[in-house]
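Trainee: the following block contains a protein sequence and its predicted model.
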Amino acid sequence: MRTRMKEYRARLGLTQEKLAEMVGVRRETIIFLEKGKYNPSLKLAYGIARVLGAAIEDIFILDDKER
Amino acid sequence: MQIKWILIAYAAVSVLGLMLLLSRENVYVVIALVIGVLLLGHRELWSLVKYRRMPVIDERVQNNLTGAMRITGAFFFIASIVLILLLRFNVFKGTPTSLIVSGQLVIVGFVYVTGYYYYDRVRPCLGGKALRWLRICLITAGLCLSTMAMAIVLHNLVSAWLGFEDAFFFILGLLVAPAVLLISLLGCAAIYIKGLCASFSGVEQA
């Protein structure tokens, strides 16, 4: 799964630490999410999308073979 | 606030004291416990020292803890059965029971720490191919262990029934299976360490 979290985070000028604090997770979790190495729960994905002011499908993009 | 910290310090000192009292004959258990706590809780300790608060236990950490507990539970169950069988056949003749039990607990703790780091660092940093090889190595190691046990039993049975020393199961159980087991375990360790050392920027692609 690809994510556009980094792009949206940069637009808002948020650090990984700040975003982690706002979403209620650890910074490492944000790192793994940005690298596409962790699949978040729907609740977490929704929380991140809300903080970043975008829709879930704009931030988390499933590759064709993962669908 | 001050009372909270006094209570935490009191609890920590009590636990350490209890550990020392309980295992004054097996000091290595205390050392292993302290190392285990430092390995598992270094982020929490660092956060407490630096920010004066506990870090969040988020869903990823919860998943890692659950996964590690599942592995440890299964290992503890199998290890206990093996240990009971070994004790039944007097394999540890003359060894104090406390030493055997503490040894088992230390190994279980090691499995827990290894399992946690597998979920936390190794699995996300390894590609699909490496994970497949890790699974193959682990299955091979498990098969080798069961082959060794079966071969020893069959060697004794065949030797007793046929009245001559059986060579096939002897070589299989004491030479071939341990050699393959060693290779599999080395393979597992190499893949695990590779995953552990992989930096986030240089992760393999699945």
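Mentor: Thanks, I have the structure now. Values in this document were obtained by computation on a predicted structure and should not be read as measured data.

Trainee: ok, residue B:123 to residue B:99 distance?
Mentor: Distance from residue B:123 to residue B:99, counting by Cβ to Cβ, to the nearest Å: 34 Å. For the C-beta atoms, the positions are set from N, CA and C on the backbone; glycine is no exception.

Trainee: between the two, who's got more neighbours?
Mentor: Each of residue B:123 and residue B:99 has its neighbours counted (other Cβ atoms under 10 Å in any protein chain shown); residue B:123 has more, 17 against 14.

Trainee: do you know the pLDDT at the more buried one?
Mentor: For residue B:123, the model assigns a pLDDT of 88.

Trainee: and it, that one's in a strand?
Mentor: No: counting by DSSP: H, G, I helix; E, B strand; the rest coil, residue B:123 falls outside a strand, being helix.

Trainee: could you pull up the residues touching it?
Mentor: B:131, B:195 (Cβ atoms under 8 Å, 6 or more residues apart in numbering or on different chains).

Trainee: pLDDT score assigned to residue 30?
Mentor: Reading this off chain A. 92.

Trainee: oops, chain B please
Mentor: Reading off the confidence values, residue B:30 has pLDDT 72.

Trainee: okay, now residue 13: neighbour count?
Mentor: Answering for chain A, as no chain was given. Neighbour number of residue A:13 under other Cβ under 10 Å is 7.

Trainee: can you look at chain B instead?
Mentor: Residue crowding around residue B:13 was assessed by other Cβ under 10 Å; the count is 10.

Trainee: the chain: helices as residue ranges?
Mentor: All of this refers to chain A. Assigned by DSSP state H, the helices in chain A fall at A:5-12, A:16-23, A:27-34, A:42-52, A:56-59.

Trainee: switch to chain B, please.
Mentor: Counting by DSSP H, chain B has helices at residues B:2-22, B:27-51, B:59-88, B:97-117, B:123-125, B:128-162, B:168-171, B:177-197.

Trainee: give me whichever of those is most buried.
Mentor: When you average the neighbours per residue for each of those (mean count of other Cβ atoms under 10 Å in any protein chain shown), helix B:123-125 leads with a mean of 19.

Trainee: distance from the chain centre to it, please.
Mentor: 19 Å (Cα atoms, centre = their mean, to the nearest Å).

Trainee: same thing with stretch B:72-85?
Mentor: Chain-centre distance of stretch B:72-85: 11 Å, with Cα atoms, centre = their mean.

Trainee: and among the helices of chain A, the most buried is which?
Mentor: Most buried among those, given mean count of other Cβ under 10 Å as the contact rule, is helix A:27-34, at a mean of 21.

Trainee: tell me the angle that one makes with helix B:27-51.
Mentor: Interaxial angle of helix A:27-34 relative to helix B:27-51 (axes from the mean of the first three to the mean of the last three Cα atoms, to 10 degrees): 80 degrees.

Trainee: tell me the residues of chain A that contact chain B?
Mentor: The interface of chain A toward chain B, taken as Cβ under 8 Å from any Cβ of the partner chain, is made up of A:20, A:24-26, A:28-29, A:31-32, A:35, A:37-38, A:40-41, A:43-44.
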